[in-house]
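Trainee: A structural model of the following input is requested.
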Amino acid sequence: MIELSKENFDSEVNIEGVVLVDFWSENCGRCIELMPDVMKLAEKYGEDIKFCKLNIQGNRRLAMAQKVMGLPSIVFYKNGEKVKHLSGEELEIEEIAQEVESFIAEKA
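Mentor: Prediction:
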């Protein structure tokens, strides 16, 4: 997974194809719980989708510019456009995996 910051966000996300960005923080228990499973998705589907993560600590303005107001948040971008935003304490890895698989199916 690529670690994003304000310096590389645009160059990593504004590309052709699908990019998943995991917005997280050390203070977000649910973010920390989901991260190992998101990493497994990255290992499994990294050939088809680019996986990135952005720690909002130090990047709050960037998160707000992306309309990320709550954590955890998983945002999908397609060809540089924000197309799907999953968020909330009750966010489950199955929901994230389902979205990943639907983007891959679209490509096929």
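
Trainee: tell me who's in contact with the residue nearest the centre of the chain.
Mentor: The centre of the chain sits closest to Val21, judged by CA atoms, centre = their mean, with a distance of 2.0 Å. Listed by CB atoms under 8 Å, 6 or more residues apart in numbering, the contact set of Val21 reads Leu4, Val13, Cys52, Lys53, Leu54, Gln66, Ile74, Val75, Phe76, Tyr77. For the C-beta atoms, the positions are set from N, CA and C on the backbone; glycine is no exception.

Trainee: rerun at 7 Å
Mentor: Leu4, Val13, Cys52, Lys53, Leu54, Val75, Tyr77 (CB atoms under 7 Å, 6 or more residues apart in numbering).

Trainee: tell me the strands beside the strand or helix carrying it, with direction?
Mentor: In the assignment (DSSP states H and E), Val21 maps to strand 18-24. In the sheet, strand 18-24 lines up against strand 50-55 (parallel), strand 73-78 (antiparallel) (DSSP bridges).

Trainee: need those in TSV with mean pLDDT and mean neighbour count, can you?
Mentor: Formatted as TSV, the strands paired with strand 18-24 follow (pLDDT from 0 to 100; neighbours: other CB atoms under 10 Å):
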stretch	mean pLDDT	mean neighbour count
strand 50-55	98	20
strand 73-78	98	21
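
Trainee: any chance of the ones you listed in CSV, plus distance to Leu62?
Mentor: Shown next, in CSV, are the strands paired with strand 18-24 (distance: least, CB to CB, whole Å):
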stretch, distance to Leu62
strand 50-55, 7
strand 73-78, 12
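
Trainee: out of those, nearest to Glu43?
Mentor: With CB to CB, the closest approach to Glu43 among the strands paired with strand 18-24 belongs to strand 50-55: 8.9 Å.

Trainee: next structured bit after the closest one?
Mentor: helix 60-65.

Trainee: on that earlier part again, gap between the residue nearest to the centre of the chain and Asn8?
Mentor: 12 Å (CB to CB, to the nearest Å).

Trainee: burial count for the closest residue to Gly88 other than its chain neighbours?
Mentor: Closest residue to Gly88 apart from its sequence neighbours, by CB to CB, 6 or more residues apart in numbering: Gly70 at 6.5 Å. Burial of Gly70 is recorded as 11 neighbouring residues (other CB atoms under 10 Å).
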